[in-house]
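Chemist: just a sequence and a predicted model for now, questions to come.
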There are 2 protein chains.
Amino acid sequence: MRYKAGLETRDRILESTRAQIAEFGLEGTTIKTICDDAGVLPGSFYNLFDSKEQAILTAVRVAIDAVDPDPDHAGTDTLDDLINAYIRFVEEQGDLARVYIRIAVAAGHSSPELKGRVLRHHEGRVKRFSDALLRERSDLSQEEADNRAEALVSALNGVTLHRTIDTEFDVAHFARILKRVATA
Amino acid sequence: MRYKAGLETRDRILESTRAQIAEFGLEGTTIKTICDDAGVLPGSFYNLFDSKEQAILTAVRVAIDAVDPDPDHAGTDTLDDLINAYIRFVEEQGDLARVYIRIAVAAGHSSPELKGRVLRHHEGRVKRFSDALLRERSDLSQEEADNRAEALVSALNGVTLHRTIDTEFDVAHFARILKRVATA
DNA sequence: ATACTATTTGAGTATCTACTCTAATTTGAG
DNA sequence: CTCAAATTAGAGTAGATACTCAAATAGTAT
């Protein structure tokens, strides 16, 4: 893979893989659907990737890296900032949110690598929520803040999960209810 | 299916389905593995079930019903009952809980029929939570109770989702945190 | 016992899966 | 322009999958 054409094809395949996972889940993503979507034949796919699994791992890594809204983690974001960022992420990039949920659901029986990736991302997110909560409610113990943050992030994921079924579901509304009770 | 033999075979198939899902997940559960485990041939399976999907849905529903604190829907279950039943289901039937989440996620892109079933089940559950909450906190408005119930059920699903990735995750602990804030 | 139906058998089908292989084409460095 | 290497085409493989069907067997009401 040293010619420009190969790199472009690779990008198209990864983009198609991501879209397929978002729409049909890991199960519904096949070599055929990826190739059809990318306008490529199996021979080309296997010229660029060793296996379906490798392509999926690569696509998911790209997707999860793209999720983090504040990579420089300045530590100045409030809980509202984080929740609003989450809402915006779910509403504007529903695709990636669905990939995240899809992977999470499938991760239990899939590769440890995927599982680890999702878990690490989750832990990072919980920590930022916990820090923000402590800044807002300095009377809370570290443990209580961690607990509430973990519960809050899981609850937000549950709300997102529900939205994948019911697209009318008002994520913002329930996210704010959750925020209210987390800071009570 | 009116003879005793048929009913017994049906039970064996449902139990094998449950066990296969618990051990190998949805992906690893095939007609062949179910039939081998149940000591039955495909013809018998399809004499009793219309499809693999139907058998799985039935097995999951049986498992959920098995922990229902108020099967007759007499309206006597407390919020604690409902949450404890939820925790029991997730902890004792972890892989079935995963399947439940997975079916819910898959419902978004499958037949409107399955989607409708999942949504109706969700709404029924939310209603029971809302009723129980109102019995406990009669000062809440109907709307507030509905909102809290919807948030609580989604949050519980989020906690369950997280447990499918991290099996060490203490569902009971966070479920009780969620219950505390829902009744606050 | 008879007769009717439920149940089981088990080989068989169509379709999908990830993946391979060889030949043709395209690319771009020298 | 040349030519070796990268890329693509596209038919094809082996194996798994959910599911079917006609015939054999077993269960039960009368």
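Modeler: In hand now; what should we look at?
Chemist: from here on, just use CA atoms for contacts and neighbour counts.
Modeler: Will do.
Chemist: near DNA strand D, which residues of chain A?
Modeler: A:1-7, A:9, A:40-44, A:47-48 (Cα under 7 Å from any atom of the strand).
Chemist: all strands for chain A, in order.
Modeler: Counting by DSSP state E, no segments of chain A form strands.
Chemist: tell me if the helix-or-strand element of it with minimal mean pLDDT is near chain B.
Modeler: Lowest mean confidence among the helices and strands of chain A (mean pLDDT, DSSP states H and E): helix A:94-107, at a mean of 76. Yes: counting by Cα under 8 Å from any Cα of the partner chain, contacts between helix A:94-107 and chain B involve A:102, A:104-107.
Chemist: interface residues of chain A facing DNA strand C?
Modeler: Checking chain A against DNA strand C by Cα under 7 Å from any atom of the strand, the hits are A:3-5, A:28-32, A:42-43, A:46, A:50-53.
Chemist: considering these, which possesses the most neighbours?
Modeler: residue A:29 (20 neighbours; other Cα atoms under 10 Å in any protein chain shown).
Chemist: re earlier: farthest pair in the residues of chain A next to DNA strand C?
Modeler: A:3 and A:28 (31.1 Å; Cα to Cα).
Chemist: can you name the residue of chain A nearest DNA strand C?
Modeler: Scanning chain A for the residue nearest DNA strand C gives residue A:30, at 3.2 Å (criterion: Cα to the nearest atom of the strand).
Chemist: what's near enough to touch that residue?
Modeler: Contact partners of residue A:30, counting by Cα atoms under 8 Å, 6 or more residues apart in numbering or on different chains, are residue A:52.
Chemist: go on, residue A:175?
Modeler: A:83, A:87, A:156, A:159.
Chemist: if I look at residue A:48, how far off is chain B?
Modeler: According to Cα to the nearest Cα, to the nearest Å, residue A:48 stands 27 Å off from chain B.
Chemist: next, count neighbours for that residue.
Modeler: 15.
Chemist: would you confirm that it contacts residue A:2?
Modeler: No: counting by Cα atoms under 8 Å, residue A:48 stays clear of residue A:2, with 10.7 Å between them.
Chemist: just want the most central residue of chain A.
Modeler: With distances taken as Cα atoms, centre = their mean, residue A:100 lies nearest the centre of chain A, 3.3 Å away.
Chemist: OK, contacts around that residue?
Modeler: Residue A:100 neighbours (Cα under 8 Å, 6+ apart): A:64, A:118.
Chemist: excluding chain neighbours, what is closest to residue A:78?
Modeler: Nearest residue to residue A:78, sequence neighbours excluded (Cα to Cα, 6 or more residues apart in numbering or on different chains): residue A:132, at 5.2 Å.
Chemist: quick check: residues of chain A near chain B?
Modeler: A:23-25, A:102, A:104-109, A:115, A:119, A:147-148, A:151, A:154-159, A:161-162, A:164-166, A:174, A:177-178, A:181-182, A:184.
Chemist: any regions of chain A where pLDDT drops low?
Modeler: A:67-73, A:107-109 (pLDDT under 70).
Chemist: coming back round to it: who wins for neighbours among the residues of helix A:94-107 next to chain B?
Modeler: residue A:105 (26 neighbours).
Chemist: that one against residue B:104, yeah?
Modeler: No: with contact defined as Cα under 8 Å, residue A:105 and residue B:104 do not form a contacting pair (10.4 Å).
Chemist: hey, where'd the helices end up in chain A?
Modeler: Counting by DSSP state H, chain A has helices at residues A:4-24, A:31-38, A:42-48, A:52-67, A:79-92, A:94-107, A:112-136, A:142-165, A:171-183.
Chemist: of all the ones you listed, which one comes closest to residue B:18?
Modeler: helix A:94-107 (17.8 Å).
Chemist: now do that closest one and helix B:94-107, the angle between them.
Modeler: 150 degrees (axes from the mean of the first three to the mean of the last three Cα atoms, to 10 degrees).
Chemist: please save the CA atoms from helix A:94-107 in CSV.
Modeler: Output in CSV follows, covering the C-alpha atoms of helix A:94-107 (Å, rounded to 0.1, in the frame of the first residue of the first chain):
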residue,chain,number,x,y,z
GLY,A,94,-25.7,9.7,16.2
ASP,A,95,-23.7,7.4,14.0
LEU,A,96,-20.7,7.4,16.4
ALA,A,97,-22.9,7.1,19.4
ARG,A,98,-24.5,4.0,17.9
VAL,A,99,-21.1,2.5,17.1
TYR,A,100,-20.2,3.0,20.7
ILE,A,101,-23.4,1.3,21.9
ARG,A,102,-23.1,-1.4,19.4
ILE,A,103,-19.6,-2.2,20.3
ALA,A,104,-20.4,-2.1,24.0
VAL,A,105,-23.2,-4.6,23.5
ALA,A,106,-21.1,-6.9,21.4
ALA,A,107,-17.9,-6.4,23.4
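Chemist: thanks a lot, see you next time.
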